[in-house]
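Colleague: below is the sequence, then the predicted model.
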Amino acid sequence: MKRSRIIAIIFIIAFVGFFGSYSAWNAAQPEHTCASCHEINPSFHSWQTSAHREIKCVECHGTALSNGLHSLQEKGNMVLMHFTGDKHSADIRMSEEQILAIMDACIRCHQTEYSQWASGGHSTTYGRIFLDESHNQMEQPYWDCLRCHGMFYDGTIYDLVEPVSTSGPWKLKDDQMAQRPVIPCMTCHQIHTENDPYGQFAQRLDHDHAEPVVFDTRFPAVALYLRSDKQFLRADFLPGVDFFHNGQKINVSDDPLQRLCIQCHAPNFRREAGSEDNRTPYGVHEGLSCMSCHNAHSGNARNSCVNCHPATSNCGLDITTMNTTFFNPQSEHNIHFVSCDDCH
């Protein structure tokens, strides 16, 4: 009996000690826990200057027990890699499955942005993209499809879809991939990216007036994930591109968000505006940024005309009812390239 009590007491002490240490670890500052590992240090230092610097690591990444055996195994593998892998490597990458798990954490705070994304074309899935018969017949699936559709996919095009040809029928090798999004949040957003409200992006208004101080932090908040390099490049560091129409160079907005859009909504090799999947405007809207009309997450451009135009034009016509694709998607007058002569 006495022995049983001793065993029970030892068990209770061990139990309390384990969960006490576990709770203390999760509550402690990350520089004393996660960031004490050299593999985590780069992410920790970038997190310190990011928009999420007030959010604890565990709120997005979870704990060793937050997702049962799965997370315990995941954290255990990281510890194993630390002791058996390349001791000089600071390069820990998330799989696509982990990217989508982090996206669930994004939704908890960014519900409006998520609902906009879910209602637009950027929420498209592997099934919709890679089982599109008309597109596959015109152009077979190939490795560069994953540059924009499936940036975080862990395999190659041959691991994803078959046959890799213009002759179907096509199918995904893993049926569970069909509903998985190909453009998750981290396609355009680097979670730990720099976002310093008192740095070079601060735009302070005149202190002699009562207006509040306004900061423009949208450029550092957006970064393109480069599948080929397996790293992010901030939107304001993306290069600008010259575009042409009928051989003449056109005006192109220098908005960094525009530069990000054209990485996927790219022109042909001649850089002709409006070619391939490109919609860089010319005509009466030449020089406008994509963001002048489109919601960043949904792509929605409804009611965008009123951002610039009065209810009627100088000639008395209602802008929103003119025969353009804004009024009718089937119109031959694409709103991106419309000229005065198209409506008058």
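Modeller: Cool, the structure landed.

Colleague: what's the neighbour count on Cys340?
Modeller: 9 (other CB atoms under 10 Å). C-beta here means a position set from N, CA and C on the backbone, and glycine is covered the same way.

Colleague: was I right to think it contacts Val284?
Modeller: Yes. Using CB atoms under 8 Å, Cys340 is in contact with Val284, at 6.2 Å.

Colleague: intersection of neighbour lists for these two?
Modeller: Here Cys340 and Val284 share no contacting residue, scored by CB atoms under 8 Å, 6 or more residues apart in numbering.

Colleague: assumed Tyr225 was part of a helix.
Modeller: No. Applying DSSP: H, G, I helix; E, B strand; the rest coil, one finds Tyr225 to be strand, outside a helix.

Colleague: neighbours of Tyr158, how many?
Modeller: Neighbours around Tyr158, by other CB under 10 Å: 13.

Colleague: please give me every residue in contact with it.
Modeller: Val164.

Colleague: Phe130 now?
Modeller: Applying CB under 8 Å, 6+ apart, the residues near Phe130 are Asn136, Pro141, Cys145, His149, Leu160, Val161, Trp170, Leu172.

Colleague: list the buried ones in the host helix or strand of the first one?
Modeller: What it means is Asn136. Using DSSP states H and E, Asn136 sits within helix 133-138. For helix 133-138, the neighbour count (16 or more other CB atoms under 10 Å) marks Asn136 as buried.

Colleague: next SSE downstream of that helix?
Modeller: Next element after helix 133-138 (DSSP H and E): helix 157-160.

Colleague: pretty sure Thr280 sits against Asn268.
Modeller: No. In this structure Thr280 lies outside contact range of Asn268 using CB under 8 Å: 12.0 Å.

Colleague: compare neighbour counts for the two and give me the winner.
Modeller: Thr280 (31 against 11).

Colleague: just give the closest residue to that one, not the sequence neighbours.
Modeller: Once flanking residues are discounted, Thr280 sits nearest to Ala273: 4.2 Å by CB to CB, 6 or more residues apart in numbering.

Colleague: try Pro184
Modeller: Met103 (5.1 Å).

Colleague: in which helix or strand would I find the one you found?
Modeller: With DSSP H and E as the test, Met103 turns up in helix 96-109.

Colleague: quick check: buried residues in that helix?
Modeller: Glu96, Ile99, Leu100, Ala101, Ile102, Met103, Ala105, Cys106.

Colleague: how close does the fifth one get to Leu146?
Modeller: Counting by CB to CB, to the nearest Å, the separation of Ile102 from Leu146 is 19 Å.

Colleague: helices of this protein, residue ranges please.
Modeller: 2-27, 41-47, 57-61, 68-84, 96-109, 111-119, 126-130, 133-138, 157-160, 256-264, 340-343 (DSSP state H).

Colleague: just name the most buried of those.
Modeller: Mean neighbour count (mean count of other CB atoms under 10 Å) peaks for helix 256-264 among these, with a mean of 21.

Colleague: rounded mean pLDDT for it, please.
Modeller: Averaging pLDDT along helix 256-264 yields 91.

Colleague: that helix packs against which elements?
Modeller: For helix 256-264, not one helix or strand is in contact under the criterion 3 or more CB pairs under 8 Å, 6 or more residues apart in numbering; DSSP states H and E.

Colleague: any weak-confidence spans in the stretch 51-200 of the chain?
Modeller: 64-72, 74-75, 82, 85-92, 194-200 (pLDDT under 70).

Colleague: I'm done for today, thanks for sticking with me.
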